[in-house]
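Asker: here's my sequence, what's the structure:
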Amino acid sequence: MKQPSTKTEMSSFNISPEEDSSSTNSNEYTYQDCPKKMPLNGPYTDIDAESQNFLPEHNLGKKKYETEYHQGNASFGMSVFNLGNAIMGSGILGLSYAMANTGIALFVILLAAVAIFSLYSVHLLLKTANEGGALVYEQLGYKAFGMPGKLAASCSITMQNIGAMSSYLYIVKYELPIVIQSFVGNSNGEWFTNGDYLVLLVTFFIILPLSLLRNLGYLGYTSGLSLLCMVFFLIVVIIKKFQIPCPLPMDDGNETIVTILNTTVGQLDSKAVAYSDDVCTPKYFVFNSQTVYAVPILTFAFVCHPAILPMYEELKDRSRRKMQGVANVSFLAMFIMYLLAALFGYLTFNIHVEPELLHTYSKVYKADVLLLIVRLAVLTAVTLTVPVVLFPIRTSVNHLLCASKDFSWIRHIIITMVLLAGTNALVIFVPTIRDIFGFIGASAAAMLIFILPSAFYIKLVKKESMKSMQKIGATAFLLLGLLVMTGSMTLIVLDWIHNASSPEAHDDGH
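Answerer: Purely as a prediction, here's the structure:
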């Protein structure tokens, strides 16, 4: 699941432009984490606990932001697992919705395009890191464009992380009421089945106490847990495709009520709605008002680029070619997982799929043990991940505002509470998770995948002229990123305006 990236000041150092840089000597430096989980070695537990390895080696004699250059110790296979884990996030829950509003063929084209573009931006980042001598995303921005470049990278990463936190809390808002109802039975509007109240309670009693810790240590294990939860989720999505009948049963009192007699489909709601056979026919190309959300949802699902550089630093016998191989394998694995999740979710619900796929099953199943287990696993993973996501955001804010000041519990608590309060306000007042996926994917994710890597490459890689094919490609990639960001944001804002003026057309995602 998506986790954030933190940044710390670092001394400049040089990485050999040679393919194998394992023997390079450098000065001391630090690195950042990613918008998703990934265990890395780190010497300063008070700064960014989730940047540590599960068994970190501490050097208490070092200064706060220093660590000696050391050989990476992550194998190729472990790096693939960590990067796949960094890519995998809550965005997978929105992919079926994207497919329903683009069609199967167009979705596959867009998914492949975003994956390929993401791999190309990894290539740009690795080459820029070698030429620019930095393994921190924000530091590359500072070397390229000074403070404006650093702020652009910092703000993009922070926005991406806040979007990740919001998407996790949306899952709590959508899924926890269903879990509670499965234990207490149908509710009559009691407060403990209201998603908004439950988000506030979970935030106050679980997330806030964990977030106030100065380091998280054991919560680094949520990295693997989140990935396992999503793999389990994918397996259940595939299984349910063959258990839920079509025409699709839906719980809607405004339609003709029929009873599903086939007992092999599980505990289906006795009040189910049969729709026309047309909805059971997959569409290959679809264009509607919600199609504009497809590309932002896909970019949100694939962004992990702040993780690339620190993982490159941790790679054993590292070379740029070897790290690119890690990225190729990881992106291919996530491409397959994303495609399977989107395809089977779409084929199950067709036009009735919701922006958050797991919530859609509640429209069909009143109770199902397998889905209950999935919900509990996902809820546990996202609840424990939110504090990990918040840590580097707070570190970033603290470093920008009070870099020269000593640690203060009052400032620590205030920043934590402001960040959580703002995120909860987003979750409560923004109607659907689709809007978070769309806005963050069109803005911060587009910056991190398209615009910043290409801009840093153009500025910092001096040995190539602007007329070279490499620079021309990077320039075209930059222009494509600007087009994607401005086009998607414009269409999304227009859709918001249309929905605001036409309440009956607004899909609240529930």
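Asker: when you work out contacts or count neighbours from here on, use the C-alpha atoms and nothing else.
Answerer: Will do.
Asker: please, where are all the helices along the stretch 251-400 of the chain?
Answerer: For the stretch 251-400 of the chain, the helices defined by DSSP state H, counting those that start in this stretch occupy 294-302, 308-314, 320-349, 357-360, 369-402.
Asker: and of the ones you listed, who's closest to K462?
Answerer: Closest to K462 of those, according to CA to CA: helix 320-349, at 17.9 Å.
Asker: tell me the mean pLDDT for that closest one?
Answerer: Regarding helix 320-349, the rounded mean pLDDT is 94.
Asker: what angle do that helix and helix 294-302 make?
Answerer: 130 degrees (axes from the mean of the first three to the mean of the last three CA atoms, to 10 degrees).
Asker: so which bits of the longest helix belonging to the chain are buried?
Answerer: The residue-count maximum for a helix in the chain (DSSP state H) belongs to helix 147-184. For helix 147-184, the neighbour count (16 or more other CA atoms under 10 Å) marks 149-179, 182 as buried.
Asker: in three-state terms, label A134 for me.
Answerer: Three-state assignment for A134 (DSSP: H, G, I helix; E, B strand; the rest coil): coil.
Asker: surely it meets Y142?
Answerer: No - counting by CA atoms under 8 Å, A134 does not reach Y142; the two are 9.9 Å apart.
Asker: which one's more surrounded, the two?
Answerer: A134 (27 against 19; other CA atoms under 10 Å).
Asker: give me the pLDDT for that one.
Answerer: 81.
Asker: how about it: what's its closest non-neighbour residue?
Answerer: If the residues on either side of it in the chain are set aside, A134 comes closest to L140, at 5.9 Å by CA to CA, 6 or more residues apart in numbering.
Asker: tell me which other helices or strands the helix or strand harbouring that neighbour touches.
Answerer: Here L140, judged by DSSP states H and E, is contained in helix 137-145. Of the remaining helices and strands, those touching helix 137-145 by 3 or more CA pairs under 8 Å, 6 or more residues apart in numbering; DSSP states H and E are helix 104-132, helix 147-184, helix 452-460.
Asker: follow-up on the earlier one: okay, the angle between the longest helix of the chain and helix 294-302?
Answerer: Using the same axes, to 10 degrees, helix 147-184 lies at 90 degrees relative to helix 294-302.
Asker: quick one: distance of the helix or strand just after helix 147-184 to the chain centre.
Answerer: Under the assignment DSSP H and E, the closest C-terminal helix or strand after helix 147-184 is helix 195-202. From the chain centre to the centre of helix 195-202 is a distance of 22 Å (CA atoms, centre = their mean, to the nearest Å).
Asker: which elements pack onto helix 195-202?
Answerer: helix 147-184, helix 409-429.
Asker: include distance to L332 and mean pLDDT when you put those helices into TSV, please.
Answerer: Supplementary listing: the helices and strands packed on helix 195-202 in TSV, determined by distance: least, CA to CA, whole Å; pLDDT from 0 to 100:
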stretch	distance to L332	mean pLDDT
helix 147-184	22	89
helix 409-429	32	92
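Asker: nearest to I104, of those helices?
Answerer: With respect to I104, and counting by CA to CA, the nearest of those is helix 147-184 at 24.6 Å.
Asker: helices or strands up against the closest one?
Answerer: Checking 3+ CA pairs under 8 Å, 6+ apart, helix 147-184 ends up next to helix 137-145, helix 195-202, helix 357-360, helix 369-402, helix 409-429, helix 433-440.
Asker: angle of it against helix 433-440?
Answerer: 170 degrees.
Asker: name the nearest residue to S75, sequence neighbours excluded.
Answerer: S75's closest residue in space is K316 (CA to CA, 6+ apart), at 5.6 Å.
Asker: where does the chain dip in pLDDT?
Answerer: Applying pLDDT under 70 to the chain picks out residues 1-71, 187, 216-223, 247-278, 365-367, 403, 502-510.
Asker: and of the helices and strands packed on helix 195-202, who's closest to M466?
Answerer: helix 147-184 (20.2 Å).
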